Structures are given as C-alpha cells and as structure tokens.
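Peer 1: below are the sequence and a predicted model; questions follow.
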Amino acid sequence: MATLTDPVRKQNIVDRFADFVTADANGSIVWASNNEPFTEAPASWWGGTTSGRSIGIVGGSITGTTITASTIRNVLLTETQLYTNIRKLRAQLNVTGGGGNTGSRPTAGIVFDQTQVSHLPAADRQTLGAVAVGGVTTDSLVSASNLEAYFTALRTEYRAKRDTTTTKTESVCHASCHSSCHSSRGRR
C-alpha cells in the first residue's frame, strides 16, 4: 500500500490511486476467461482473467512540469473508466431442446442463472457519472487529504458501476455434451 508523500510526486499519485480503484476492481472478480460460470460460456464474454486489469498509467501520464488538479482529475477519471467492464454479470444457460435431453441438463429452459462480478470485454464498459473532486480543484493547493478524498470518490463511482448488472444468455439445444455432440456429427 502506497502512502502519499509531501511534496506529492506523480508516480506516488498513481501508486496510491492503484490502492483504491485498481485493487478494488481486481480484487472482486469471480468469473472471467479462466473461471467461467459454465463450460458453454463463449469466449466473447470475457475481457481477461480473474487477475483483472493491469493499471494503464504511470507517473509520466500526469503531464507537465507542475502537477495540476485538472491533469490529475482527467488522468485518473479516464483510468477509472477503463475498469468499468469489471462488473456484475447475470449469466444464464438456456437449454432449448425439448425431449431427448440426457446427461446433467435434461430439462429445457434456463438451467443456470447466477450473478457475479466478472471481467467482461471493453464493449461492456460504462460511462462514469459525476465524481466529487474532493478538493482537487483548480487554483487550490492539492494536498494528500484532498487526493485521498478524490480517490475515495473515484472508487465509490467505480463500485456503483460494478454493481450495475448486465445479462448474457447462452442457448444450447440440449445436455452438457453440447460441443462434443455437435463436433462429432461431422465424423458420422
């Protein structure tokens, strides 16, 4: 865990931000490409693994010789936005076949319906709402406490977006042997 220094340095700001948003987002992932809710979940549902997303900024991303409030706000808001695809997914598996189903999923209809935080693709990102600037304002001295308040506000807004559920449903015609069954048809 990073501690803000006095005077504040660019990389120090990024390191402390990572303790708030990056750690929060990456620490809550249940489903991803390496831990799917069911075997039929398509690869297109995932934007990465349960390890999450690596931070995409460094100290140099806060440009200019003088660290300004507007630069800090813009860089960190943009970076927070990039985590909004780590969010709740309601994953459903729908068996469409009527009779003849065997194996672990013999009944037609929704046979799996659960919600967990997931690492979804970039297409599932959301737009952040208004974020309280926490004292990181133009013409104000940016202090460690002001930065901490801003980081907290960013994490709060990220969490609100993480808790917004998107639903994805995969339909299969019958039992859990779906892919192997259809692949073997070409060999008959």
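Peer 2: Looks like it arrived, so ask away.
Peer 1: and the strands in the protein?
Peer 2: Per DSSP state E, the chain carries strands over the ranges 86-95, 109-119, 166-172.
Peer 1: what lines up beside the first one in the sheet?
Peer 2: In other words, strand 86-95. strand 109-119 (antiparallel), strand 166-172 (parallel) (DSSP bridges).
Peer 1: need the winner for burial among those strands.
Peer 2: Ranked by mean neighbour count, these are led by strand 109-119 with a mean of 18 (mean count of other Cβ atoms under 10 Å). In short, each C-beta sits where N, CA and C put it, glycine included.
Peer 1: can you show me the CA trace of that one as CSV?
Peer 2: C-alpha atoms of strand 109-119 as CSV (Å, rounded to 0.1, in the frame of the first residue of the first chain):
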residue,chain,number,x,y,z
GLY,A,109,-35.4,-23.8,-20.1
ILE,A,110,-33.0,-21.7,-18.0
VAL,A,111,-30.9,-24.3,-16.1
PHE,A,112,-28.3,-21.8,-14.8
ASP,A,113,-29.0,-18.3,-13.6
GLN,A,114,-26.4,-16.6,-11.3
THR,A,115,-24.8,-13.2,-10.9
GLN,A,116,-21.2,-12.5,-10.0
VAL,A,117,-18.6,-9.8,-10.7
SER,A,118,-16.9,-10.6,-14.0
HIS,A,119,-14.1,-9.4,-16.2
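Peer 1: got the contact list for that strand?
Peer 2: Residues outside strand 109-119 that contact it (Cβ atoms under 8 Å, 6 or more residues apart in numbering) are 28-33, 37-38, 45-50, 52-53, 85-95, 105, 162, 165, 169.
Peer 1: give me the buried subset of the residues you listed.
Peer 2: 28-29, 31-32, 37-38, 45-48, 50, 52-53, 85-89, 91-95, 105, 162 (16 or more other Cβ atoms under 10 Å).
Peer 1: wait, doesn't residue 62 sit right on residue 8?
Peer 2: No. Under the criterion of Cβ atoms under 8 Å, residue 62 is not in contact with residue 8, lying 10.0 Å apart.
Peer 1: and residue 49, what is it in contact with?
Peer 2: Residues in contact with residue 49 (Cβ under 8 Å, 6+ apart) are 32, 33, 34, 35, 119.
Peer 1: hmm, try it at 10 Å
Peer 2: For residue 49, the contacting residues are 26, 29, 32, 33, 34, 35, 119, by Cβ atoms under 10 Å, 6 or more residues apart in numbering.
Peer 1: what are the buried residues along the biggest helix by length in the chain?
Peer 2: Across the chain, the longest stretch assigned as helix under DSSP state H is helix 144-162. Within helix 144-162, the residues scored as buried using 16+ other Cβ under 10 Å are 144, 146-147, 149-151, 153-155, 157-158, 161-162.
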